[in-house]
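Undergrad: Fold the stuff below for me.
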Amino acid sequence: MATTAKKLKNISEIRRYFHRNEDPVYFVSATNFNLLGIDEWCKNFKYISYIDCYDGQHPNVFCPSEQPHAEFTSIEDINNYLLQHKEVIDFITGRGGKPKLVFLMFDEKTERLCKEQGWDVWFPKASLRNRIDNKIETVRIGDKAGVPSVPNTLSEIESYEQLQEVAKAAKLGTDLVLQSAYGDSGHTTFFIKSASDFRKHQHEIIGQGEIKVMKRINCRGSAIEACATKNGTIVGPLMTELVGFSELTPYRGGWCGNEIFATSFTAKLREKAKTYTHLFGEQLRKEGYRGYFELDFLIDQKSREIYLGELNPRITGASSMTNHAAFAHADAPLFLFHLLEFSGAKFDIDIDELNARWAEKDNIDSWCQMVIKHTDDTVDLITDAPATGIWKLNNDGTAEYDRFDYHRRAVTNEREAFFLRIMKPGDYRYEGADLGILVTRGRAMDDNFRMQPRTRQWIKAIRAHYRAKPLTAPAPVEAMEHSFKIM
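TA: Here you go, the predicted structure:
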(Lines give C-alpha, C1' and ligand atoms only; values in the text may rest on other atoms or scores of the structure.)
Protein backbone atom coordinates (compact mmCIF):
# COMPACT_ATOMS: atom_id res chain seq x y z
CA MET A 1 0.00 0.00 0.00
CA ALA A 2 1.01 3.64 -0.26
CA THR A 3 3.22 4.51 2.65
CA THR A 4 2.11 7.11 5.14
CA ALA A 5 3.45 7.92 8.58
CA LYS A 6 0.61 10.17 9.66
CA LYS A 7 -2.94 9.25 10.51
CA LEU A 8 -5.51 9.62 7.75
CA LYS A 9 -8.06 12.04 9.20
CA ASN A 10 -10.60 12.62 6.46
CA ILE A 11 -12.13 11.09 3.33
CA SER A 12 -9.93 13.14 1.02
CA GLU A 13 -6.77 11.72 2.58
CA ILE A 14 -8.16 8.17 2.40
CA ARG A 15 -9.02 8.58 -1.29
CA ARG A 16 -5.54 9.94 -2.02
CA TYR A 17 -3.98 7.04 -0.09
CA PHE A 18 -5.62 4.49 -2.40
CA HIS A 19 -5.02 6.58 -5.48
CA ARG A 20 -1.29 6.27 -4.77
CA ASN A 21 -1.36 2.59 -3.75
CA GLU A 22 1.65 0.60 -4.99
CA ASP A 23 1.04 -2.95 -3.70
CA PRO A 24 -1.13 -5.04 -6.06
CA VAL A 25 -4.51 -6.15 -4.72
CA TYR A 26 -6.43 -9.00 -6.37
CA PHE A 27 -10.04 -10.09 -6.10
CA VAL A 28 -10.10 -13.79 -6.94
CA SER A 29 -13.51 -15.34 -7.64
CA ALA A 30 -15.75 -16.91 -10.27
CA THR A 31 -16.55 -13.42 -11.62
CA ASN A 32 -15.74 -9.84 -10.61
CA PHE A 33 -19.41 -9.01 -9.98
CA ASN A 34 -19.22 -8.52 -6.21
CA LEU A 35 -16.54 -5.82 -6.39
CA LEU A 36 -17.41 -4.13 -9.67
CA GLY A 37 -15.69 -0.76 -9.95
CA ILE A 38 -13.31 -1.04 -7.00
CA ASP A 39 -10.41 -1.10 -9.49
CA GLU A 40 -11.21 2.57 -10.26
CA TRP A 41 -10.78 3.58 -6.63
CA CYS A 42 -7.69 1.59 -5.76
CA LYS A 43 -4.59 1.78 -7.94
CA ASN A 44 -3.15 -1.65 -8.85
CA PHE A 45 -6.43 -3.46 -8.10
CA LYS A 46 -7.04 -6.40 -10.48
CA TYR A 47 -9.66 -9.13 -10.86
CA ILE A 48 -8.72 -12.76 -11.41
CA SER A 49 -11.85 -14.54 -12.65
CA TYR A 50 -12.77 -18.02 -13.78
CA ILE A 51 -15.61 -16.78 -16.01
CA ASP A 52 -14.88 -14.08 -18.58
CA CYS A 53 -18.03 -11.99 -18.58
CA TYR A 54 -16.48 -9.36 -20.88
CA ASP A 55 -15.00 -11.36 -23.78
CA GLY A 56 -11.55 -10.00 -22.92
CA GLN A 57 -12.59 -6.35 -23.06
CA HIS A 58 -12.27 -5.41 -19.37
CA PRO A 59 -8.76 -3.96 -18.84
CA ASN A 60 -8.46 -5.14 -15.24
CA VAL A 61 -9.92 -8.65 -15.50
CA PHE A 62 -7.54 -11.57 -16.01
CA CYS A 63 -9.03 -14.96 -16.98
CA PRO A 64 -6.59 -17.85 -17.44
CA SER A 65 -7.12 -20.51 -20.08
CA GLU A 66 -9.19 -23.55 -19.10
CA GLN A 67 -7.13 -26.41 -17.63
CA PRO A 68 -8.24 -29.92 -16.58
CA HIS A 69 -9.53 -29.94 -13.02
CA ALA A 70 -11.64 -31.88 -10.57
CA GLU A 71 -15.36 -31.17 -10.48
CA PHE A 72 -16.09 -27.87 -8.72
CA THR A 73 -18.48 -28.11 -5.78
CA SER A 74 -18.04 -24.61 -4.34
CA ILE A 75 -16.58 -21.16 -4.94
CA GLU A 76 -13.67 -22.25 -2.75
CA ASP A 77 -12.89 -25.00 -5.27
CA ILE A 78 -12.87 -22.44 -8.10
CA ASN A 79 -10.55 -20.12 -6.18
CA ASN A 80 -8.16 -22.90 -5.23
CA TYR A 81 -8.03 -24.01 -8.87
CA LEU A 82 -7.19 -20.45 -9.91
CA LEU A 83 -4.49 -20.06 -7.27
CA GLN A 84 -2.73 -23.20 -8.54
CA HIS A 85 -3.04 -22.24 -12.20
CA LYS A 86 0.39 -21.51 -13.72
CA GLU A 87 -0.94 -18.56 -15.72
CA VAL A 88 -2.37 -16.98 -12.55
CA ILE A 89 0.84 -17.55 -10.60
CA ASP A 90 2.88 -16.06 -13.46
CA PHE A 91 0.49 -13.10 -13.75
CA ILE A 92 0.72 -12.22 -10.04
CA THR A 93 4.45 -12.89 -9.80
CA GLY A 94 5.16 -10.92 -12.95
CA ARG A 95 3.49 -7.81 -11.59
CA GLY A 96 5.75 -7.82 -8.55
CA GLY A 97 5.11 -5.95 -5.32
CA LYS A 98 3.64 -7.53 -2.20
CA PRO A 99 0.39 -9.12 -3.40
CA LYS A 100 -2.77 -8.82 -1.30
CA LEU A 101 -5.70 -11.11 -2.11
CA VAL A 102 -9.40 -10.81 -1.28
CA PHE A 103 -12.11 -13.35 -1.95
CA LEU A 104 -15.84 -13.87 -1.80
CA MET A 105 -15.26 -17.33 -0.32
CA PHE A 106 -12.11 -19.15 0.76
CA ASP A 107 -11.02 -21.96 3.06
CA GLU A 108 -7.92 -23.23 4.85
CA LYS A 109 -6.53 -24.63 1.60
CA THR A 110 -6.82 -21.16 0.04
CA GLU A 111 -4.87 -19.71 2.96
CA ARG A 112 -2.19 -22.38 2.61
CA LEU A 113 -1.81 -21.80 -1.15
CA CYS A 114 -1.43 -18.06 -0.59
CA LYS A 115 1.09 -18.56 2.20
CA GLU A 116 3.19 -20.83 -0.03
CA GLN A 117 3.42 -18.04 -2.61
CA GLY A 118 4.02 -15.29 -0.05
CA TRP A 119 0.67 -13.61 -0.73
CA ASP A 120 -1.41 -12.00 2.03
CA VAL A 121 -5.12 -12.78 2.49
CA TRP A 122 -6.90 -9.59 3.52
CA PHE A 123 -9.79 -11.12 5.42
CA PRO A 124 -10.13 -12.68 8.86
CA LYS A 125 -9.10 -16.33 9.10
CA ALA A 126 -11.31 -18.86 7.31
CA SER A 127 -11.85 -20.73 10.59
CA LEU A 128 -13.29 -17.61 12.22
CA ARG A 129 -15.44 -16.77 9.20
CA ASN A 130 -16.75 -20.33 9.16
CA ARG A 131 -17.62 -20.26 12.86
CA ILE A 132 -19.60 -17.04 12.79
CA ASP A 133 -21.18 -17.88 9.42
CA ASN A 134 -23.07 -20.64 11.21
CA LYS A 135 -26.71 -19.51 11.42
CA ILE A 136 -26.96 -20.95 14.92
CA GLU A 137 -23.92 -18.95 16.07
CA THR A 138 -25.38 -15.83 14.45
CA VAL A 139 -28.38 -16.04 16.79
CA ARG A 140 -26.07 -16.27 19.77
CA ILE A 141 -23.92 -13.34 18.64
CA GLY A 142 -27.06 -11.30 18.05
CA ASP A 143 -28.32 -12.11 21.54
CA LYS A 144 -25.03 -10.91 23.04
CA ALA A 145 -25.20 -7.72 20.96
CA GLY A 146 -28.83 -7.01 21.87
CA VAL A 147 -30.05 -7.63 18.31
CA PRO A 148 -33.20 -9.80 18.40
CA SER A 149 -33.96 -12.69 16.05
CA VAL A 150 -37.41 -13.90 15.04
CA PRO A 151 -38.84 -15.87 18.03
CA ASN A 152 -36.96 -19.16 17.81
CA THR A 153 -35.37 -22.07 19.57
CA LEU A 154 -32.28 -24.11 18.72
CA SER A 155 -32.53 -27.87 18.76
CA GLU A 156 -31.53 -31.06 17.00
CA ILE A 157 -34.56 -32.49 15.23
CA GLU A 158 -35.28 -36.23 15.19
CA SER A 159 -38.85 -36.42 13.86
CA TYR A 160 -41.91 -34.33 13.05
CA GLU A 161 -43.48 -35.30 16.38
CA GLN A 162 -40.40 -34.15 18.27
CA LEU A 163 -40.34 -30.92 16.23
CA GLN A 164 -43.92 -30.22 17.36
CA GLU A 165 -42.89 -30.73 20.98
CA VAL A 166 -39.89 -28.40 20.60
CA ALA A 167 -42.04 -25.71 18.98
CA LYS A 168 -44.76 -26.04 21.61
CA ALA A 169 -42.27 -25.68 24.46
CA ALA A 170 -40.91 -22.48 22.85
CA LYS A 171 -44.43 -21.17 22.10
CA LEU A 172 -43.72 -20.88 18.37
CA GLY A 173 -47.00 -22.28 17.08
CA THR A 174 -47.34 -24.90 14.33
CA ASP A 175 -46.47 -22.82 11.24
CA LEU A 176 -42.68 -22.96 11.32
CA VAL A 177 -39.55 -22.03 9.41
CA LEU A 178 -36.48 -24.23 9.89
CA GLN A 179 -32.91 -23.35 8.97
CA SER A 180 -29.81 -25.52 9.13
CA ALA A 181 -26.48 -24.06 10.19
CA TYR A 182 -25.00 -23.49 6.74
CA GLY A 183 -26.24 -23.00 3.22
CA ASP A 184 -27.72 -20.54 0.77
CA SER A 185 -31.09 -18.88 1.08
CA GLY A 186 -33.71 -21.00 -0.63
CA HIS A 187 -31.66 -24.21 -0.26
CA THR A 188 -31.52 -24.72 3.50
CA THR A 189 -34.62 -22.84 4.63
CA PHE A 190 -37.67 -25.05 5.08
CA PHE A 191 -41.29 -24.00 5.57
CA ILE A 192 -42.98 -26.63 7.74
CA LYS A 193 -46.71 -26.52 8.49
CA SER A 194 -47.60 -30.20 8.30
CA ALA A 195 -46.17 -33.70 8.46
CA SER A 196 -46.11 -33.86 4.67
CA ASP A 197 -44.03 -30.65 4.53
CA PHE A 198 -41.59 -32.24 6.97
CA ARG A 199 -41.33 -35.47 4.97
CA LYS A 200 -40.25 -33.53 1.87
CA HIS A 201 -37.20 -32.17 3.66
CA GLN A 202 -36.52 -34.59 6.51
CA HIS A 203 -33.28 -35.84 4.93
CA GLU A 204 -31.99 -32.25 5.09
CA ILE A 205 -33.16 -31.72 8.68
CA ILE A 206 -32.68 -34.94 10.63
CA GLY A 207 -29.06 -35.61 11.55
CA GLN A 208 -27.90 -32.11 10.57
CA GLY A 209 -27.06 -31.00 14.10
CA GLU A 210 -28.73 -28.02 15.72
CA ILE A 211 -31.54 -26.52 13.68
CA LYS A 212 -32.94 -23.02 14.05
CA VAL A 213 -36.70 -23.43 14.54
CA MET A 214 -38.57 -20.16 14.03
CA LYS A 215 -42.09 -18.91 14.29
CA ARG A 216 -43.25 -18.11 10.77
CA ILE A 217 -43.98 -14.44 10.24
CA ASN A 218 -45.22 -12.47 7.25
CA CYS A 219 -42.06 -10.54 6.59
CA ARG A 220 -40.16 -8.47 4.07
CA GLY A 221 -36.50 -9.12 3.48
CA SER A 222 -33.86 -6.43 3.70
CA ALA A 223 -30.08 -6.29 3.60
CA ILE A 224 -27.49 -3.94 5.02
CA GLU A 225 -23.71 -4.04 4.68
CA ALA A 226 -21.11 -2.73 7.08
CA CYS A 227 -17.42 -2.80 7.92
CA ALA A 228 -16.01 -3.43 11.40
CA THR A 229 -12.84 -1.37 11.82
CA LYS A 230 -10.51 -0.60 14.68
CA ASN A 231 -12.23 2.80 14.94
CA GLY A 232 -15.76 1.38 14.99
CA THR A 233 -18.38 -0.02 12.66
CA ILE A 234 -19.22 1.81 9.42
CA VAL A 235 -22.77 1.12 8.22
CA GLY A 236 -24.23 1.36 4.71
CA PRO A 237 -27.89 1.96 3.77
CA LEU A 238 -30.76 -0.51 4.21
CA MET A 239 -31.71 -2.23 0.96
CA THR A 240 -34.80 -4.19 0.05
CA GLU A 241 -34.38 -7.75 -1.21
CA LEU A 242 -36.01 -9.51 -4.12
CA VAL A 243 -36.89 -12.96 -2.82
CA GLY A 244 -38.43 -15.98 -4.48
CA PHE A 245 -39.77 -14.33 -7.66
CA SER A 246 -40.52 -17.18 -10.08
CA GLU A 247 -39.45 -14.99 -13.02
CA LEU A 248 -35.92 -14.96 -11.60
CA THR A 249 -35.32 -18.05 -9.47
CA PRO A 250 -36.69 -21.58 -9.09
CA TYR A 251 -36.02 -21.49 -5.35
CA ARG A 252 -38.78 -20.57 -2.94
CA GLY A 253 -37.32 -18.04 -0.53
CA GLY A 254 -34.22 -17.68 -2.71
CA TRP A 255 -32.48 -14.30 -2.96
CA CYS A 256 -32.62 -12.92 -6.49
CA GLY A 257 -31.70 -9.24 -6.25
CA ASN A 258 -31.81 -5.97 -4.36
CA GLU A 259 -33.11 -2.44 -4.54
CA ILE A 260 -31.58 0.65 -3.04
CA PHE A 261 -33.62 3.83 -2.68
CA ALA A 262 -33.88 6.64 -0.16
CA THR A 263 -37.28 5.79 1.35
CA SER A 264 -37.00 2.01 1.63
CA PHE A 265 -39.14 1.15 4.66
CA THR A 266 -39.92 3.84 7.24
CA ALA A 267 -37.40 6.24 8.74
CA LYS A 268 -37.88 4.51 12.10
CA LEU A 269 -37.12 1.08 10.66
CA ARG A 270 -34.09 2.35 8.76
CA GLU A 271 -32.71 3.94 11.91
CA LYS A 272 -33.32 0.79 13.95
CA ALA A 273 -31.59 -1.34 11.28
CA LYS A 274 -28.60 1.00 11.36
CA THR A 275 -28.45 0.84 15.16
CA TYR A 276 -28.73 -2.96 15.22
CA THR A 277 -26.04 -3.30 12.54
CA HIS A 278 -23.70 -1.06 14.52
CA LEU A 279 -24.32 -3.10 17.69
CA PHE A 280 -23.74 -6.35 15.82
CA GLY A 281 -20.53 -5.00 14.28
CA GLU A 282 -19.22 -4.00 17.68
CA GLN A 283 -19.93 -7.51 18.97
CA LEU A 284 -18.16 -8.99 15.94
CA ARG A 285 -15.10 -6.94 16.87
CA LYS A 286 -15.23 -8.55 20.34
CA GLU A 287 -15.42 -11.96 18.65
CA GLY A 288 -12.19 -11.12 16.81
CA TYR A 289 -13.76 -10.37 13.44
CA ARG A 290 -12.96 -7.26 11.43
CA GLY A 291 -13.75 -6.07 7.95
CA TYR A 292 -16.72 -6.31 5.63
CA PHE A 293 -19.97 -8.08 6.57
CA GLU A 294 -23.65 -8.12 5.69
CA LEU A 295 -26.80 -8.65 7.75
CA ASP A 296 -30.21 -9.74 6.52
CA PHE A 297 -33.10 -8.30 8.48
CA LEU A 298 -36.69 -9.55 8.47
CA ILE A 299 -39.42 -6.96 8.94
CA ASP A 300 -42.70 -8.30 10.35
CA GLN A 301 -45.52 -6.82 8.29
CA LYS A 302 -47.98 -7.17 11.17
CA SER A 303 -46.04 -5.90 14.18
CA ARG A 304 -43.50 -3.77 12.20
CA GLU A 305 -40.76 -5.29 14.35
CA ILE A 306 -37.36 -5.81 12.74
CA TYR A 307 -35.46 -9.03 13.36
CA LEU A 308 -32.01 -10.36 12.59
CA GLY A 309 -32.18 -12.87 9.75
CA GLU A 310 -28.64 -14.01 9.04
CA LEU A 311 -25.02 -12.89 8.89
CA ASN A 312 -22.71 -13.09 5.91
CA PRO A 313 -19.14 -12.39 7.14
CA ARG A 314 -17.93 -11.35 3.69
CA ILE A 315 -18.79 -9.30 0.66
CA THR A 316 -22.06 -10.50 -0.90
CA GLY A 317 -24.31 -10.28 -3.92
CA ALA A 318 -25.52 -6.94 -2.57
CA SER A 319 -22.02 -5.43 -2.37
CA SER A 320 -22.16 -4.07 -5.89
CA MET A 321 -25.22 -2.02 -4.88
CA THR A 322 -23.64 -0.69 -1.68
CA ASN A 323 -20.36 0.27 -3.33
CA HIS A 324 -22.02 2.14 -6.19
CA ALA A 325 -24.57 4.20 -4.24
CA ALA A 326 -24.44 7.99 -4.40
CA PHE A 327 -22.78 8.23 -0.97
CA ALA A 328 -19.99 5.93 -2.18
CA HIS A 329 -19.21 8.22 -5.10
CA ALA A 330 -19.39 11.27 -2.83
CA ASP A 331 -17.11 9.78 -0.16
CA ALA A 332 -15.65 6.33 -0.81
CA PRO A 333 -17.00 2.81 -1.37
CA LEU A 334 -17.55 0.82 1.81
CA PHE A 335 -15.09 -1.84 0.63
CA LEU A 336 -12.32 0.74 0.61
CA PHE A 337 -12.60 0.84 4.39
CA HIS A 338 -12.14 -2.94 4.46
CA LEU A 339 -8.90 -2.54 2.50
CA LEU A 340 -7.90 0.33 4.77
CA GLU A 341 -8.47 -1.81 7.87
CA PHE A 342 -6.16 -4.55 6.59
CA SER A 343 -3.56 -2.18 5.13
CA GLY A 344 -2.19 -1.32 8.57
CA ALA A 345 -2.53 2.40 7.84
CA LYS A 346 -3.54 4.51 10.80
CA PHE A 347 -6.76 6.44 10.40
CA ASP A 348 -8.95 8.47 12.70
CA ILE A 349 -12.23 9.55 11.15
CA ASP A 350 -15.51 10.46 12.79
CA ILE A 351 -17.47 7.26 12.14
CA ASP A 352 -20.67 8.52 13.78
CA GLU A 353 -20.64 11.53 11.47
CA LEU A 354 -19.94 9.30 8.46
CA ASN A 355 -22.79 6.93 9.35
CA ALA A 356 -25.18 9.84 9.79
CA ARG A 357 -24.17 11.33 6.43
CA TRP A 358 -24.55 8.04 4.59
CA ALA A 359 -28.09 7.68 5.96
CA GLU A 360 -29.23 11.02 4.52
CA LYS A 361 -31.77 10.76 1.68
CA ASP A 362 -29.72 12.95 -0.65
CA ASN A 363 -26.86 10.45 -0.49
CA ILE A 364 -28.95 7.47 -1.64
CA ASP A 365 -30.06 7.18 -5.27
CA SER A 366 -32.46 4.62 -6.71
CA TRP A 367 -31.18 1.43 -8.39
CA CYS A 368 -32.13 -2.22 -8.61
CA GLN A 369 -30.33 -5.40 -9.61
CA MET A 370 -31.83 -8.75 -10.60
CA VAL A 371 -30.04 -12.09 -10.72
CA ILE A 372 -31.59 -14.03 -13.59
CA LYS A 373 -31.44 -17.82 -13.18
CA HIS A 374 -32.63 -20.58 -15.47
CA THR A 375 -35.95 -21.47 -13.88
CA ASP A 376 -37.03 -24.51 -15.93
CA ASP A 377 -36.26 -28.05 -14.85
CA THR A 378 -34.36 -28.71 -18.08
CA VAL A 379 -30.80 -29.10 -19.30
CA ASP A 380 -29.72 -27.83 -22.72
CA LEU A 381 -26.75 -26.28 -24.51
CA ILE A 382 -26.62 -22.50 -24.95
CA THR A 383 -26.10 -21.39 -28.56
CA ASP A 384 -26.69 -17.63 -28.19
CA ALA A 385 -26.40 -15.34 -25.15
CA PRO A 386 -26.80 -11.58 -24.60
CA ALA A 387 -23.45 -9.78 -24.32
CA THR A 388 -22.28 -7.76 -21.34
CA GLY A 389 -22.98 -4.07 -21.81
CA ILE A 390 -25.73 -1.49 -22.03
CA TRP A 391 -29.12 -2.62 -23.29
CA LYS A 392 -32.20 -0.60 -24.25
CA LEU A 393 -35.84 -1.57 -23.65
CA ASN A 394 -38.05 -0.87 -26.65
CA ASN A 395 -41.69 0.19 -26.55
CA ASP A 396 -42.79 -3.23 -27.81
CA GLY A 397 -41.15 -4.96 -24.82
CA THR A 398 -38.09 -6.23 -26.66
CA ALA A 399 -34.53 -5.27 -25.71
CA GLU A 400 -31.59 -4.51 -27.95
CA TYR A 401 -27.87 -4.29 -27.31
CA ASP A 402 -26.70 -0.67 -27.49
CA ARG A 403 -22.99 -0.63 -26.63
CA PHE A 404 -20.24 -2.33 -24.65
CA ASP A 405 -19.52 -0.95 -21.20
CA TYR A 406 -18.53 -2.34 -17.82
CA HIS A 407 -19.80 0.65 -15.80
CA ARG A 408 -23.31 0.52 -14.45
CA ARG A 409 -23.21 4.32 -14.16
CA ALA A 410 -23.39 4.39 -17.97
CA VAL A 411 -27.12 3.60 -17.54
CA THR A 412 -28.86 6.96 -17.99
CA ASN A 413 -32.55 6.11 -17.41
CA GLU A 414 -34.99 3.31 -16.60
CA ARG A 415 -35.23 2.27 -20.26
CA GLU A 416 -31.54 1.34 -20.18
CA ALA A 417 -29.87 -1.41 -18.19
CA PHE A 418 -26.43 -2.85 -17.61
CA PHE A 419 -26.35 -6.60 -18.18
CA LEU A 420 -23.46 -8.71 -16.87
CA ARG A 421 -23.44 -12.02 -18.72
CA ILE A 422 -22.50 -15.09 -16.69
CA MET A 423 -23.40 -18.02 -18.96
CA LYS A 424 -22.16 -17.91 -22.56
CA PRO A 425 -22.58 -19.94 -25.75
CA GLY A 426 -21.23 -23.45 -25.23
CA ASP A 427 -22.30 -23.59 -21.56
CA TYR A 428 -24.90 -26.06 -20.34
CA ARG A 429 -28.05 -24.44 -19.00
CA TYR A 430 -29.72 -26.20 -16.07
CA GLU A 431 -32.24 -25.39 -13.36
CA GLY A 432 -30.82 -22.75 -11.01
CA ALA A 433 -27.94 -21.76 -13.30
CA ASP A 434 -27.00 -18.07 -13.11
CA LEU A 435 -27.59 -16.61 -16.57
CA GLY A 436 -26.62 -13.03 -15.71
CA ILE A 437 -27.25 -9.91 -13.64
CA LEU A 438 -29.41 -7.04 -14.83
CA VAL A 439 -28.90 -3.60 -13.25
CA THR A 440 -31.08 -0.58 -13.94
CA ARG A 441 -32.16 2.70 -12.40
CA GLY A 442 -35.37 2.91 -10.40
CA ARG A 443 -37.18 0.16 -8.56
CA ALA A 444 -37.91 -3.45 -9.46
CA MET A 445 -40.86 -3.68 -7.05
CA ASP A 446 -43.75 -1.45 -6.00
CA ASP A 447 -44.51 -0.35 -2.44
CA ASN A 448 -46.27 -3.67 -1.79
CA PHE A 449 -43.18 -5.63 -2.86
CA ARG A 450 -44.80 -6.84 -6.06
CA MET A 451 -42.75 -6.98 -9.23
CA GLN A 452 -43.43 -4.01 -11.49
CA PRO A 453 -44.53 -4.50 -15.13
CA ARG A 454 -41.35 -2.81 -16.40
CA THR A 455 -39.27 -5.31 -14.42
CA ARG A 456 -41.09 -8.24 -16.01
CA GLN A 457 -40.53 -6.68 -19.42
CA TRP A 458 -36.81 -6.42 -18.81
CA ILE A 459 -36.48 -10.01 -17.58
CA LYS A 460 -38.50 -11.45 -20.46
CA ALA A 461 -36.62 -9.33 -23.00
CA ILE A 462 -33.17 -10.40 -21.78
CA ARG A 463 -34.20 -14.06 -21.52
CA ALA A 464 -35.32 -13.90 -25.17
CA HIS A 465 -31.69 -13.36 -26.20
CA TYR A 466 -30.71 -16.71 -24.68
CA ARG A 467 -31.14 -19.55 -27.11
CA ALA A 468 -30.27 -23.19 -26.59
CA LYS A 469 -30.50 -26.54 -28.32
CA PRO A 470 -31.63 -29.85 -26.82
CA LEU A 471 -28.99 -32.35 -25.83
CA THR A 472 -28.36 -35.34 -28.05
CA ALA A 473 -26.48 -37.07 -25.21
CA PRO A 474 -26.46 -36.67 -21.41
CA ALA A 475 -24.56 -33.61 -20.22
CA PRO A 476 -21.21 -34.42 -18.56
CA VAL A 477 -21.18 -33.96 -14.79
CA GLU A 478 -18.61 -31.14 -14.98
CA ALA A 479 -20.95 -29.17 -17.26
CA MET A 480 -23.15 -28.41 -14.26
CA GLU A 481 -20.38 -27.77 -11.77
CA HIS A 482 -21.69 -24.29 -10.97
CA SER A 483 -24.99 -25.58 -9.58
CA PHE A 484 -23.97 -23.81 -6.36
CA LYS A 485 -24.19 -20.11 -5.60
CA ILE A 486 -21.29 -18.25 -7.29
CA MET A 487 -22.02 -14.67 -6.17
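Undergrad: pLDDT below threshold where in the stretch 1-150 of the chain?
TA: Scanning the stretch 1-150 of the chain for pLDDT under 70 picks out the ranges 1-5.
Undergrad: All the strands of it, residue numbers only.
TA: 25-29, 45-49, 61-62, 100-103, 120-121 (DSSP state E, counting those that start in this stretch).
Undergrad: among those, which is nearest Asp427?
TA: strand 45-49 (14.9 Å; Cβ to Cβ). In this view, the C-beta of every residue, glycine as well, is placed from N, C-alpha and C.
Undergrad: In this protein, which helix is the longest?
TA: In the chain, with assignment by DSSP state H, the single longest helix is helix 267-286.
Undergrad: For that one, name the packing helices and strands.
TA: helix 135-145, strand 219-229, strand 232-235, strand 291-300, strand 306-312 (3 or more Cβ pairs under 8 Å, 6 or more residues apart in numbering; DSSP states H and E).
Undergrad: coming back round to it: to Leu311, which of the strands of the stretch 1-150 of the chain lies closest?
TA: Across the strands of the stretch 1-150 of the chain, closest to Leu311 is strand 100-103 (Cβ to Cβ), at 17.3 Å.
Undergrad: What is the end-to-end distance of stretch 311-329?
TA: 26 Å (Cα to Cα, to the nearest Å).
Undergrad: hang on, I meant stretch 468-487
TA: 24 Å.
Undergrad: can I get the helices and strands packed on helix 267-286 in JSON lines with mean neighbour count?
TA: Below are these laid out as JSON lines (neighbours: other Cβ atoms under 10 Å):
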{"stretch": "helix 135-145", "mean neighbour count": "18"}
{"stretch": "strand 219-229", "mean neighbour count": "23"}
{"stretch": "strand 232-235", "mean neighbour count": "22"}
{"stretch": "strand 291-300", "mean neighbour count": "23"}
{"stretch": "strand 306-312", "mean neighbour count": "23"}
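Undergrad: And these: which comes nearest Arg252?
TA: strand 219-229 (13.0 Å).
Undergrad: partners of that closest one in the sheet?
TA: Strands that pair with strand 219-229, judged by DSSP bridges, come out as strand 232-235 (antiparallel), strand 239-243 (antiparallel), strand 291-300 (antiparallel).
Undergrad: related to what we said a few turns ago, distance to Val177 for the helices and strands packed on helix 267-286 - can I get that in TSV?
TA: Shown next, in TSV, are the helices and strands packed on helix 267-286 (distance: least, Cβ to Cβ, whole Å):
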stretch	distance to Val177
helix 135-145	12
strand 219-229	10
strand 232-235	27
strand 291-300	10
strand 306-312	10
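Undergrad: Would you mind telling me which of the ones you listed is nearest Lys392?
TA: Closest to Lys392 of these, according to Cβ to Cβ: strand 219-229, at 28.8 Å.
Undergrad: That closest one - what's its average pLDDT?
TA: What strand 219-229 shows for mean pLDDT is 96.
Undergrad: follow-up on the earlier one: list the buried residues for the longest helix of the chain?
TA: Using 16 or more other Cβ atoms under 10 Å as the test for burial, helix 267-286 gives 269-270, 272-274, 276-281, 283-284.
Undergrad: average pLDDT for that helix?
TA: Mean predicted confidence for helix 267-286 is 97.
Undergrad: Tell me the gap between it and the middle of its chain.
TA: The chain centre lies 19 Å from the centre of helix 267-286; the measure is Cα atoms, centre = their mean, to the nearest Å.
Undergrad: just stretch 346-360 next, same as before
TA: 24 Å.
Undergrad: Ok, stretch 406-413 next?
TA: 20 Å.
Undergrad: What residues of it count as buried?
TA: 406, 408, 411.
Undergrad: now stretch 236-249
TA: Those buried within stretch 236-249 under the rule 16+ other Cβ under 10 Å are 236-245, 247-249.
Undergrad: show me where the chain has helices.
TA: Shown for the chain, the helices assigned by DSSP H span residues 11-19, 75-83, 86-95, 108-117, 126-133, 135-145, 160-169, 195-205, 267-286, 319-322, 326-330, 334-343, 351-358, 453-463.
Undergrad: The fifth one - contacts with which helices or strands?
TA: Taking 3+ Cβ pairs under 8 Å, 6+ apart as contact, the helices and strands that helix 126-133 lies on are helix 108-117, helix 135-145, strand 306-312.
Undergrad: by how many degrees do the shortest one and strand 219-229 diverge?
TA: With axes from the mean of the first three to the mean of the last three Cα atoms, to 10 degrees as the basis, strand 306-312 and strand 219-229 are set at 60 degrees to each other.
Undergrad: For the stretch 351-487 of the chain, give me the ranges with low pLDDT.
TA: 477-484.
Undergrad: start to end distance for stretch 32-45?
TA: Using Cα to Cα, the two ends of stretch 32-45 sit 12 Å apart.
Undergrad: buried ones in that stretch?
TA: Buried residues in stretch 32-45 (16+ other Cβ under 10 Å): 32-39, 41-45.
Undergrad: right, and the pair among these with maximum separation?
TA: Going by Cβ to Cβ, the pair spanning the buried residues of stretch 32-45 furthest: Phe33 and Lys43, at 21.5 Å.
Undergrad: any idea how far Asn32 is from the residue nearest to Leu113 when sequence neighbours are not counted?
TA: Of all residues not flanking Leu113 in the chain, Leu83 sits nearest, at 4.4 Å (Cβ to Cβ, 6 or more residues apart in numbering). The gap separating Leu83 from Asn32 is 16 Å, by Cβ to Cβ, to the nearest Å.
Undergrad: and what of Lys230?
TA: Counting by Cβ to Cβ, the gap from Lys230 to Asn32 is 28 Å.
Undergrad: picking up where we left off before, what would the strands paired with strand 219-229 look like in a markdown table with distance to Gly96 and mean pLDDT?
TA: Below are those laid out as a markdown table (distance: least, Cβ to Cβ, whole Å; pLDDT from 0 to 100):
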| stretch | distance to Gly96 | mean pLDDT |
| --- | --- | --- |
| strand 232-235 | 32 | 97 |
| strand 239-243 | 39 | 95 |
| strand 291-300 | 26 | 96 |
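Undergrad: Dump the ones you listed into JSON lines; add distance to Phe91 as well.
TA: Formatted as JSON lines, the strands paired with strand 219-229 follow (distance: least, Cβ to Cβ, whole Å):
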{"stretch": "strand 232-235", "distance to Phe91": "32"}
{"stretch": "strand 239-243", "distance to Phe91": "34"}
{"stretch": "strand 291-300", "distance to Phe91": "25"}
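Undergrad: Looking at those strands, which is nearest to Ile217?
TA: strand 291-300 (4.8 Å).
Undergrad: how far out from the middle of the chain is that closest one?
TA: The answer for strand 291-300 is 11 Å, by Cα atoms, centre = their mean.
Undergrad: any idea of the pLDDT on the residue lying closest to Ile459 once chain neighbours are set aside?
TA: Using Cβ to Cβ, 6+ apart and skipping the chain neighbours, the partner closest in space to Ile459 is Glu247 (5.1 Å). Listed pLDDT for Glu247 reads 97.
Undergrad: quick one: the closest residue to Phe191 other than its chain neighbours from Ile306, how far?
TA: Of all residues not flanking Phe191 in the chain, Val177 sits nearest, at 5.8 Å (Cβ to Cβ, 6+ apart). The gap separating Val177 from Ile306 is 17 Å, by Cβ to Cβ.
Undergrad: same check, this time on Pro237
TA: Distance from Pro237 to Ile306, counting by Cβ to Cβ: 15 Å.
Undergrad: Check Trp255 too.
TA: 18 Å.
Undergrad: if I read this right, Ala468 contacts Val379, doesn't it?
TA: No: Ala468 is beyond contact range of Val379, at 9.3 Å (criterion: Cβ atoms under 8 Å).
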